[in-house]
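>>> I'd like to go over a predicted model; first the sequence, then the structure.
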Amino acid sequence: MEEFARKADKAAVKFSALITQLVEQRRRQPGTDMISLLSVAYQEQGFNFEELPSVCIQILAAGLLTTTDQIANGVNALLSHPDQLQKLKKNPSLIHSAVEEMIRFDTSVPFFFRIAKQDLTIGGKQIAAGSAIILGLGAANHDPEKFEEPEVFDITRTPNEHLGFSSGIHFCLGAALARMELTICLTALLRRLPNLCFDPDKQAIPTKHSMLILKGFDSLPVKFDACLK
């Protein structure tokens with residue numbers, strides 16, 4: 001664990017240095033890219049530029065990996081439940097509720113970490129201030145006290161108050177964008193590849209991440225030209 005942590009620290013320092021270098025370049029020669037736009041905003045608002053590299057890294061980690069993983073998780077859920085896939089094909093207007101169910105059923109962020117600011121009692125358990133708390137968002141999304149038949153993948157599920165984007169003051173700032181991306185991607189995928197199915201000759205390779213907080217696929221082999229029946 002110590003060796004892993006040291007490698008992670010070194011990688012983080014190098015990555016931060018790279019982003020800092022890009023920020024400095026964009027400040028001198030701004031373009032239309034995200035870092036340039038953020039640099040202009042920071043300049044206009046008088047924000048601390050030392051914080052901008054960490055903001056860029058957060059956007060990359062939270063706004064890219066999570067959504068791309070969720071797309072693969074959603075496709076896997078649909079192909080694993082052909083009855084729900086056919087239901088969505090027959091009624092494309094269900095895409096919005098289908099996206100919510102994909103996020104609930106197999107979220108790309110199953111765990112999250114927090115540090116207790118004060119002594120707490122949760123579920124009868126004593127948690128001391130300063131303790132690390134692992135929040136099981138994926139488990140909460142399958143809580144039978146909250147969801148009827150939580151292990152059933154149902155694209156018409158309503159209400160569907162999942163915690164895929166967390167809740168309260170920690171609610172994901174990019175939730176609206178993620179929902180839009182998932183809706184557009186899956187709508188286009190099913191429209192252009194209506195015969196999409198798993199590739200029976202290749203095995204899916206899940207869990208491409210070595211950390212608890214992200215869940216996706218390294219490989220999800222599919223076919224779309226040999227699935228006609």
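Done, it's in.
>>> drop to CA atoms for contacts and neighbour counts, all remaining ones
Will do.
>>> now the spatially most central residue of the chain. Nearest residue, chain neighbours left out?
For the chain, the residue sitting closest to the mean C-alpha position, by Cα atoms, centre = their mean, is T66 at 2.5 Å. Of all residues not flanking T66 in the chain, S108 sits nearest, at 5.7 Å (Cα to Cα, 6 or more residues apart in numbering).
>>> residues contacting that neighbour?
S108 makes contact with T66, T67, D69, Q70, N73, G164, I213, L214, K215, G216, according to Cα atoms under 8 Å, 6 or more residues apart in numbering.
>>> now swap in A129 and tell me
I115, A116, K117, Q118, D119, L120.
>>> any idea how far A128 is from the fifth one?
Meaning D119. Distance from D119 to A128, counting by Cα to Cα, to the nearest Å: 5 Å.
>>> who's more crowded, those two?
A128 (14 against 11; other Cα atoms under 10 Å).
>>> hang on, the earlier thing: which SS class is the residue nearest to the centre of the chain?
On the three-state scheme (DSSP: H, G, I helix; E, B strand; the rest coil), T66 is labelled helix.
>>> isn't it right next to V109, touching?
Yes. The criterion here is Cα atoms under 8 Å, and T66 meets it with V109 at 6.8 Å.
>>> which residues do the two both contact?
By Cα under 8 Å, 6+ apart, the residues touching both T66 and V109 are L214.
>>> and the next helix or strand past the worst-scoring helix or strand of the chain on mean pLDDT?
When the helices and strands of the chain are compared on mean pLDDT, DSSP states H and E, strand 205-206 comes out lowest with a mean of 83. Downstream of strand 205-206, the first helix or strand assigned by DSSP states H and E is strand 217-219.
>>> so, low pLDDT: which residues of the protein?
Low-confidence segments of the chain (pLDDT under 70): 208-211, 226-229.
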